[in-house]
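Enquirer: 3D model of this:
(one chain, ligands or ions: 1)
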Amino acid sequence: MKKSEDASERAREKSKARDLRNSQWWKNRVAEGKCHHCGIAVHPSELTMDHLLPISRGGKSVRSNVVPSCKKCNSERKNFMPAELILKTLFPDNMNEPHGDPHSSDAGDGSEALHH
Ligand SMILES: [Zn+2]
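Expert: This is a model prediction of the structure:
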């Protein structure tokens, strides 16, 4: 079934993430002691492996998709992709609004009122 294929795919990515975390490459990244997102100096033991595109969204455990992240950034990013974060920043009030704007129909009503 498709669903179990997805599950085993995710399990494979998680095991690859574990391998990557144990790799010398990752140890070198962490040894830099800097969060990829906010750029602050973080003790290597406080850095976590963050997937730019989360595995749950189809991301892969490859060098180009993982960055060292402080725990704060990692937990803040957990449920959002970068594009969603950007949208949330640009349109904080629009995220929960229905698409139609009640004020935009006022102009039409106003011009009709002129006919009376
Ligand atoms: Zn950070």
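Enquirer: OK, contacts around residue 44?
Expert: Residue 44 is in contact with 30-31, 33, counting by CB atoms under 8 Å, 6 or more residues apart in numbering. All C-beta atoms are positioned from the backbone trio N, CA, C, and that covers glycine.
Enquirer: so what does it look like in phi/psi?
Expert: As for residue 44, its main-chain torsions (degrees, to the nearest 10) stand at phi -50, psi -30.
Enquirer: which one is it nearest to, not counting chain neighbours?
Expert: Among residues not flanking residue 44 along the chain, residue 30 sits closest, at 4.7 Å (CB to CB, 6 or more residues apart in numbering).
Enquirer: buried ones in the helix or strand containing residue 74?
Expert: Assessed by DSSP states H and E, residue 74 sits inside helix 71-77. If you call a residue buried by 16 or more other CB atoms under 10 Å, then helix 71-77 has these buried ones: 73-74, 77.
Enquirer: could I get these as a markdown table with distance to the ion and pLDDT?
Expert: Below are the buried residues of helix 71-77 laid out as a markdown table (distance: CB to the ion, whole Å; pLDDT from 0 to 100):
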| residue | distance to the ion | pLDDT |
| --- | --- | --- |
| 73 | 3 | 91 |
| 74 | 8 | 88 |
| 77 | 9 | 74 |
